[in-house]
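**Q** prediction below, plus the sequence it came from.
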Amino acid sequence: MLTSGKIGLRARHADDIPVLRAELYDDVVNSARAEGGPWRPITPESKDPRLVVDDQEQGRVQFSVVELEGGTLIGTATLWDIDSHNRCAHIGLGLLPSTRGKGYGTDVVAALCHYGFVVRSLQRLQAETLSDNTAMLRSAERNGFVREGVLRSSAWVLGEFLDEVVLGLLAHEWKPAG
Ligand SMILES: CC(C)(COP(=O)(O)OP(=O)(O)OC[C@H]1O[C@@H](n2cnc3c(N)ncnc32)[C@H](O)[C@@H]1OP(=O)(O)O)[C@@H](O)C(=O)NCCC(=O)NCCS
């Protein structure tokens, strides 16, 4: 397990799946804001790749996030679109509603940076989020990500176009938490 602050990143377990489906992916507003596409329900038997991890998939590494104290599942974290030629990847995360706003998001971004830069020897990490997602913007900026641009009206979210912010962090800029 990879740890940072109060959280750990571990492999997806079968009993994580119904919790993540109910609390993250069945939430229409959360899904529509975080997924970059239209919400649609996931059936319980589905092998939806957001929930059921394919260990052979080279372009994406998916983690379940747990509280270190007690080991309770609190969300998901992903390194995706891993490009081994340009040595870059994107980060993504989603926490269960009851666990947000407690500093875990900042810790999860730190753990993803460690995985990307130290374990995978990447040179650049990127994050995209809606411009009104202060918690995500701050979680990234607290770890050294800088805003590189705004994609104006790039996301259709439940009846309106919203701006997205692109953030980037280079390996030499990253200061691991002590
Ligand atoms: C985005 C998310 C991962 C952030 O994690 P979090 O644990 O809630 O964030 P933290 O508690 O670490 O807070 C980080 C910063 O954001 C601020 N913040 C947290 N929630 C906030 C809110 N609702 N409004 C404004 N600021 C907020 C905190 O005060 C903190 O600021 P600081 O660094 O200046 O002290 C989490 O809120 C989440 O899963 N949201 C829903 C899914 C999502 O949006 N995922 C990202 C898609 S790109």
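**A** Alright, I've got the coordinates.
**Q** does Val53 sit in a helix, a strand or a coil?
**A** Secondary structure, DSSP: H, G, I helix; E, B strand; the rest coil: Val53 is coil.
**Q** interface residues of the protein facing the ligand?
**A** Neighbours of the ligand within the chain, by Cβ under 6 Å from any ligand atom: 30, 34, 93-95, 100-106, 129, 133-136, 138-139, 142. All C-beta spots, glycine's among them, are computed from the backbone N, C-alpha and C.
**Q** apply 8 Å and report the result again.
**A** Listed as neighbours of the ligand in the chain under the rule Cβ under 8 Å from any ligand atom: 24, 30, 33-34, 75, 92-97, 99-109, 127-130, 133-139, 141-142.
**Q** and these, which of them are buried?
**A** Buried by 16 or more other Cβ atoms under 10 Å: 24, 30, 33-34, 75, 92-96, 99, 104-109, 127-130, 133, 136-137, 139, 141, out of those.
**Q** looking at those residues, which are in strands?
**A** Among those, the members falling in strands (DSSP state E) are Gly75, Gly92, Leu93, Gly94, Leu95, Ala127, Glu128, Thr129, Leu130.
**Q** which of the helices and strands in the chain ranks last by mean pLDDT?
**A** When each helix and strand of the chain is scored by mean pLDDT, DSSP states H and E, helix 28-34 comes last, with a mean of 95.
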